[in-house]
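1. What follows is a predicted protein model with its sequence.
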Amino acid sequence: MPSELPLRDVRIADLGIITAGASATQVLADLGADVIKVESARYLDPFRHWPSGAQPSPGHERLWDASPPFNVVNRSKRGVSLDLKHPLGREAFLRLVAISDVVVENFRRGVMEKLELGYESLRKVRPDLVMASFGSQGRSGPEAGYSSYGSTLDALSGIMSITGYGPDTPTWSSHEVNYPDQIVPLFGVAMILAGLHRRRLTGKGAYIDLSQRELTTSMLGEVLLDYTVNGRVRQPQANRDFSMMPHGVYRCLGEDEWVAIAVEDDNQWMRLCAVIGRADLVTDGRYATLTERRKHADEIDALLAEWTGKNEKRTAMEVLQRAGVPAGAVLNGRDMLDDPQLKARKFYRLVEHPVGGPQMQRGWPFHLSQTPAEVRSPAPCFGEHTHEVLGGLLGYSEEEIVRLEAAGVIGYRPA
């Protein structure tokens with residue numbers, strides 16, 4: 001492990017699955033933490049067989065090891081097969097926790113306690129442990145036992161009530177994105193690092209009870225404040241905005257090609273009018289102020305669409321940006337891989353997986369000048385490092401490992 005990575009002295013016992021848990025530990029792994037992902041042959045991380053357009057064909061050998069959704073959020077980790085429901089598997093996990101700094105899980109509430117692996121049990125073997133539970137609704141309250149996915153959290157958090165094209169068509173933040181799933185890991189990483197910092201200062205561990213629902217709702221402070229102050233319930237506005245006009249997505253040359261444009265003030269409006277060759281609109285009383293422009297939003301959108309429809313999306317973006325008007329081409333997957341800005345920032349990383357093959361994966365939205373993150377290895381194949389961790393790290397003898405395999409506690413293929 002390169003000595004310059006900032007978390008090189010941190011070890012994490014990782015029970016995180018799908019996105020919320022696994023993505024958080026992936027960031028920490030890229031920053032140098034020794035993340036040991038624990039799965040059971042009877043219960044793999046669902047991402048190993050997640051139905052997705054990104055999945056390899058069903059006939060692919062070892063489909064569970066080739067899964068792109070799994071591989072992108074589990075790189076730089078070691079993988080261990082361990083049945084936590086078996087007494088010997090639980091014992092092995094406790095031995096791992098005893099030499100780990102952090103435990104991460106995002107199971108349904110009560111699962112860890114049922115396995116006798118709740119925080120109080122784990123503290124007995126590692127008193128200064130930092131444990132993070134990324135639960136759906138948190139560990140208290142009438143809905144604490146609920147399970148969820150990004151789509152259900154979109155609904156419960158309130159996001160779905162303000163997205164879409166009308167009050168009778170609430171819209172999910174997307175099959176591939178799942179907005180709640182993406183913000184939980186980022187905040188979760190921060191909370192884990194805060195717990196480690198507290199331990200360094202006080203010598204005491206911490207338990208982090210992160211509610212995915214509450215975290216997502218916290219992103220809607222403006223919506224809550226609007227109701228509190230004005231008694232107004234926000235409704236979906238399509239691509240419109242209260243404080244900007246024009247504000248929308250406009251069709252460009254080509255099939256399904258678009259550009260987003262946002263005008264904040266009168267100065268930007270004047271610049272926009274100059275770019276599209278309609279300086280006369282600046283002195284038109286119907287468009288002179290934000291309030292007036294909002295009254296005539298449909299007219300403005302039609303004028304803009306007439307101009308954007310004659311331009312390629314990147315050309316429209318670049319011309320507007322040069323004039324000081326915020327604009328962005330709507331990029332698809334192909335566009336993003338060929339994007340000059342992302343290439344210049346070296347955002348993408350080519351990761352060679354022994355089963356999944358070469359995969360272009362996301363990098364990091366940050367650059368650390370002295371301790372840059374690094375993709376140290378592809379995601380582990382199922383059980384790939386079981387022998388290495390049990391024998392080299394936890395001190396199991398060869399005979400003990402053989403007995404564990406015979407008892408079904410460990411394995412190298414899904415059950």
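-> Cool, the structure landed.

2. Assign residue 256 to helix, strand or coil.
-> What DSSP: H, G, I helix; E, B strand; the rest coil gives for residue 256 is coil.

3. ok, residues contacting stretch 230-237?
-> Stretch 230-237 is contacted from outside by 161-167, 169-171, 223, 226-227, using CB atoms under 8 Å, 6 or more residues apart in numbering. Where C-beta positions appear, they are placed from N, C-alpha and C, glycine not excepted.

4. Drop anything exposed from those.
-> Among the contacts of stretch 230-237, those buried by neighbour count (16 or more other CB atoms under 10 Å) are 161-164, 171, 223.

5. Just flag the most distant two among those.
-> Spanning the widest gap among these are 171 and 223, at 15.3 Å by CB to CB.

6. one step back: and the least confident of the contacts of stretch 230-237?
-> Here the lowest pLDDT out of those sits on residue 167, with 78.

7. mind checking how far that residue is from residue 231?
-> For residue 167, the distance to residue 231 equals 17 Å [CB to CB, to the nearest Å].

8. So which of the buried ones among the contacts of stretch 230-237 are in helices?
-> Judged by DSSP state H, the buried ones among the contacts of stretch 230-237 include residue 223 as members of helices.

9. can you redo the buried ones among the contacts of stretch 230-237 as JSON lines with distance to residue 89?
-> As requested, the buried ones among the contacts of stretch 230-237 are exported to JSON lines (distance: CB to CB, whole Å):
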{"residue": "161", "distance to residue 89": "43"}
{"residue": "162", "distance to residue 89": "45"}
{"residue": "163", "distance to residue 89": "43"}
{"residue": "164", "distance to residue 89": "46"}
{"residue": "171", "distance to residue 89": "43"}
{"residue": "223", "distance to residue 89": "45"}
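
10. Which member of the buried ones among the contacts of stretch 230-237 is positioned nearest residue 183?
-> residue 163 (14.9 Å).

11. Go ahead and confirm the closest one touches residue 177.
-> No: using CB atoms under 8 Å, residue 163 makes no contact with residue 177, being 11.6 Å away.

12. Okay, helices next: where are they in the stretch 51-200 of the chain?
-> Along the stretch 51-200 of the chain, counting by DSSP state H, counting those that start in this stretch, helices occupy 63-66, 68-72, 87-98, 111-114, 119-123, 150-157, 179-202.

13. hey, which of these is tucked in deepest?
-> When you average the neighbours per residue for each of the helices of the stretch 51-200 of the chain (mean count of other CB atoms under 10 Å), helix 68-72 leads with a mean of 23.

14. tell me the mean pLDDT for it?
-> With pLDDT averaged residue by residue, helix 68-72 scores 93.

15. Which secondary structure elements does the helix or strand residue 314 falls within sit against?
-> In the assignment (DSSP states H and E), residue 314 maps to helix 313-322. The contact analysis (3 or more CB pairs under 8 Å, 6 or more residues apart in numbering; DSSP states H and E) places helix 313-322 against strand 258-262, helix 266-275, strand 327-329.

16. mind listing what's buried in the next helix-or-strand element following the last one?
-> When you say that, I think you mean strand 327-329. Per DSSP H and E, the first helix or strand lying C-terminal to strand 327-329 is helix 333-337. Residues of helix 333-337 classed as buried: none (neighbour count, 16+ other CB under 10 Å).

17. how much space between residue 229 and residue 223?
-> Distance of residue 229 to residue 223, given as CB to CB: 11 Å.

18. And residue 299, by the same measure?
-> According to CB to CB, residue 299 stands 28 Å off from residue 223.

19. what about the stretch 251-400 of the chain, any weak spots by pLDDT?
-> Judged against pLDDT under 70, the stretch 251-400 of the chain has no low-scoring part.

20. try 90
-> Along the stretch 251-400 of the chain, segments meeting pLDDT under 90 span 369-370.

21. and the nearest residue in space to residue 220 that is not next to it in sequence, what is it in contact with?
-> Using CB to CB, 6 or more residues apart in numbering and skipping the chain neighbours, the partner closest in space to residue 220 is residue 158 (5.1 Å). Listed by CB under 8 Å, 6+ apart, the contact partners of residue 158 are 216-217, 220, 223.
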